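> when you get a sec, could you give me coordinates for this:
(2 chains)
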2 protein chains.
Amino acid sequence: MSGRLVVVGLGPGSPEQMTPQARNAVAAASDLFGYGPYVDRVELLPDQTRHASDNREEISRAGAALLMAAEGRHVAVVSGGDAGVFAMAAAVCEAIEHGPPEWRAIDLEVIPGVTAMLAVAARVGAPLGHDFCAISLSDNLKPWDLIEGRLRAVSAAGFVIALYNPISRARPWQLGRAFEILRGHLPPSTPVIFGRAAGRSDERIAIAPLGKADATIADMATCVIIGSAETRLVTREDLPPLVYSPRSAGRPSA
Amino acid sequence: MSGRLVVVGLGPGSPEQMTPQARNAVAAASDLFGYGPYVDRVELLPDQTRHASDNREEISRAGAALLMAAEGRHVAVVSGGDAGVFAMAAAVCEAIEHGPPEWRAIDLEVIPGVTAMLAVAARVGAPLGHDFCAISLSDNLKPWDLIEGRLRAVSAAGFVIALYNPISRARPWQLGRAFEILRGHLPPSTPVIFGRAAGRSDERIAIAPLGKADATIADMATCVIIGSAETRLVTREDLPPLVYSPRSAGRPSA
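From the prediction side, this is the model:
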């Protein structure tokens, strides 16, 4: 007998930015797995069981959730933002590929959500309005020189860059080094956006030119967006500036 | 007297994937602007006025919306997916930058949404589980050689690629050419996902290996995701295959 596993993206944090589909998927589950602070966002029903775990235990969490689904339970694994962007859906698929054959028979559903870079971008205008990329700056799961190579490739090629997992206690220097590399390819005036807890009551948004961007502004919950050479900053008298990346590139704007 | 302008991402199409924030923002507006099919997704209230326009008229639509907001109206501009990803938020910011000074005083808000690549990715597993990029394949607003250079740069650097606007009647060959370029950098087995109308009743999802990917499967409403060399396809007996990009890269998986 095989149960169900649903991997749910809860959105950036505000209940107003969680889709009805995500809300319903969580409410229908018997067991909820996830990183503690994400599970805490969900109001548990009396018959639901909470299985919170630490941030780094993605694969063991995925395995525990799959094991329970294989027993016939209706399991939800929750992620902040989108379920598939540097989040639990990939860990669950990886566990299925390397796990026992019966896990491939589990009814798996992934529910998308508003990922952090979209929520942060919306707060300042439209910095992701042109070609862009998302890079996890964590070198826990890939070598640092691979990350440096990617930063060079995309900044030289004109992509706006969204950095996830920019900094942590165990990775204090990587974001500063990323800024150094990007300064080699982009004008010092390129807008950098630090977006923390976008849409939540403790939101903090800061904009700085790349030439002066200070990595220590960021923490683990910050998404950092670095413009391309074409990204514009529009000042406004009594309002915060707008940052946007024009829809056209490589030729004079129409 | 200055009104309000809200640019709203309606999500991929299913009402279940539209955030409450987007729904409320649309309901609060006096006037709705947007590409016809997007405006049609909204159930108009009796006192709301509809201003639908053609797909290509982004800048003139932004200007008309700003003009009305500057007159004190409460205007909503709607986009499919996210408001800031190849959508109206950038056009509105561009119009503000180049428009009359009073447009800078308008109370502008951007409401994010679930963008197409997230909805498509969720339907097959987690192909965006590792570093990825989003590229508009339309050469209406940028030269084609710039697009080719970007495809080469990101495929060589190991990014998963999501292509927006892959094909249209006026741009029939570009997606086929993109596949050709990518075949020069990626194994023929690399999974390609064609996702049309994800989450809607007329949804069509297809998976093909890059070596055999047929561009004619795509249409204007398709988002195409091309894996990296590390993206995996997991077959399942009675279920569709899963596609995911492992969280780790560039070294043996943990």
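> low-confidence ranges in the stretch 151-254 of chain A?
Low-confidence segments of the stretch 151-254 of chain A (pLDDT under 70): A:251-254.
> do a quick rundown of the strands in it.
Here the stretch 151-254 of chain A has its strands, by DSSP state E, counting those that start in this stretch, at A:160-164, A:191-196, A:204-209, A:222-226, A:232-234, A:242-244.
> the helix or strand hosting A:V8: partners in the sheet, and parallel or antiparallel?
Per DSSP states H and E, A:V8 falls inside strand A:4-9. Counting by DSSP bridges, the strands paired with strand A:4-9 are strand A:74-79 (parallel), strand A:107-111 (parallel).
> make TSV out of those strands and add mean pLDDT and mean neighbour count.
To be clear about C-beta, it is placed using only N, CA and C from the backbone, and glycine gets the same treatment. Converted to TSV, the strands paired with strand A:4-9 look like this (pLDDT from 0 to 100; neighbours: other C-beta atoms under 10 Å in any protein chain shown):
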stretch	mean pLDDT	mean neighbour count
strand A:74-79	97	26
strand A:107-111	98	22
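> so which bits of the helix or strand encompassing A:I96 are buried?
Assessed by DSSP H and E, A:I96 sits inside helix A:88-98. Neighbour counts over helix A:88-98 (16 or more other C-beta atoms under 10 Å in any protein chain shown) mark A:M88, A:A89, A:A90, A:A91, A:V92, A:C93, A:E94, A:A95, A:I96, A:E97 as buried.
> contacts for the strand holding A:V8 next, please.
A:22, A:25-26, A:28-29, A:65-66, A:69, A:74-84, A:87-89, A:92, A:106-115, B:118, B:122 (C-beta atoms under 8 Å, 6 or more residues apart in numbering or on different chains).
> stretch A:235-248 now?
Contact with stretch A:235-248 is made by A:124-130, A:132, A:160, A:191, A:193, A:207, A:227-228, A:230-234, A:253-254, B:58, B:86, B:89-91, B:93-94, B:96-97, B:104-105, B:107-108, B:141-142, as judged by C-beta under 8 Å, 6+ apart.
> in TSV: the strands paired with strand A:4-9, plus distance to A:A153.
Converted to TSV, the strands paired with strand A:4-9 look like this (distance: least, C-beta to C-beta, whole Å):
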stretch	distance to A:A153
strand A:74-79	27
strand A:107-111	28
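> out of those, nearest to A:D202?
Relative to A:D202, the nearest member of the strands paired with strand A:4-9 by C-beta to C-beta is strand A:74-79, separated by 19.7 Å.
> hang on, the earlier thing: between the strand holding A:V8 and helix A:88-98, how many degrees?
Orientation of strand A:4-9 against helix A:88-98 (axes from the mean of the first three to the mean of the last three C-alpha atoms, to 10 degrees) gives an angle of 150 degrees.
> now the element after strand A:4-9, going C-ward?
Next element after strand A:4-9 (DSSP H and E): helix A:20-28.
> show me what the very next helix or strand once past that next one is packed up against.
Using DSSP H and E, the helix or strand that follows helix A:20-28 in sequence is strand A:31-35. Where contact means 3 or more C-beta pairs under 8 Å, 6 or more residues apart in numbering or on different chains; DSSP states H and E, strand A:31-35 is packed against strand A:49-53, helix A:58-70, strand A:74-79.
> what's the closest of these to B:A218?
Of all these, it is strand A:74-79 that lies closest to B:A218, at 28.8 Å by C-beta to C-beta.
> contacts for that closest one, please.
A:3-10, A:25-26, A:28-35, A:38-39, A:41-42, A:61-62, A:65-66, A:68-69, A:83, A:87-89, A:92, A:113.
> and it, how far out from the chain middle?
Mean-position distance between strand A:74-79 and its chain equals 17 Å (C-alpha atoms, centre = their mean, to the nearest Å).
> now it against helix A:58-70, angle please.
Here strand A:74-79 runs at an angle of 160 degrees relative to helix A:58-70 (the same axes, to 10 degrees).
> got the angle between strand A:74-79 and strand A:31-35?
Calculated by the same axes, to 10 degrees, strand A:74-79 forms an angle of 20 degrees with strand A:31-35.
> so what's A:G176 closest to, chain neighbours aside?
The shortest distance from A:G176 to any non-neighbouring residue, by C-beta to C-beta, 6 or more residues apart in numbering or on different chains, is to A:A215 (4.0 Å).
> next one: that neighbour from A:F179, what distance?
Look at A:A215 and A:F179: by C-beta to C-beta, to the nearest Å, they are 6 Å apart.
> quick one: which of those two has more around it?
A:F179 (22 against 19; other C-beta atoms under 10 Å in any protein chain shown).
> how long is stretch A:99-107 end to end?
Stretch A:99-107 has its terminal residues 15 Å apart, counting by C-alpha to C-alpha, to the nearest Å.
> ok so, going back, ok, so of the buried residues of helix A:88-98, who is nearest chain B?
Each of the buried residues of helix A:88-98 was checked against chain B using C-beta to the nearest C-beta; the closest is A:A90, at 2.7 Å.
> could I get the pLDDT score of that closest one?
A:A90 is assigned 98 on the pLDDT scale.
> isn't it up against B:H130?
Yes. Counting by C-beta atoms under 8 Å, B:H130 is a contact partner of A:A90 at 7.2 Å.
> if we can go back for a sec, and the contacts of strand A:74-79, which are buried?
A:3-10, A:25-26, A:29-35, A:38-39, A:41-42, A:61-62, A:65-66, A:68-69, A:83, A:87-89, A:92, A:113.
> contact partners for A:S189?
Contacts of A:S189 (C-beta under 8 Å, 6+ apart): A:P209, A:L210, A:G211, A:L233.
> mind redoing it with 6 Å?
By C-beta atoms under 6 Å, 6 or more residues apart in numbering or on different chains, the contact set of A:S189 is A:P209.
> how much space separates it from chain B?
15 Å (C-beta to the nearest C-beta, to the nearest Å).
> how about A:A105?
7 Å.
> what about the closest residue to that residue other than its chain neighbours, neighbour count?
Once flanking residues are discounted, A:A105 sits nearest to A:S2: 4.9 Å by C-beta to C-beta, 6+ apart. Applying other C-beta under 10 Å, we find 14 residues neighbouring A:S2.
> so A:S2 touches A:L108, yeah?
No. Using C-beta atoms under 6 Å, A:S2 makes no contact with A:L108, being 10.4 Å away.
> check what pLDDT A:R56 gets.
Per-residue pLDDT puts A:R56 at 71.
> can you give me the neighbour number for the closest residue in space to it that isn't next to it in sequence?
Nearest non-adjacent residue to A:R56, counting by C-beta to C-beta, 6+ apart: A:N140, 7.7 Å away. The tally of other residues near A:N140 (other C-beta under 10 Å) stands at 13.
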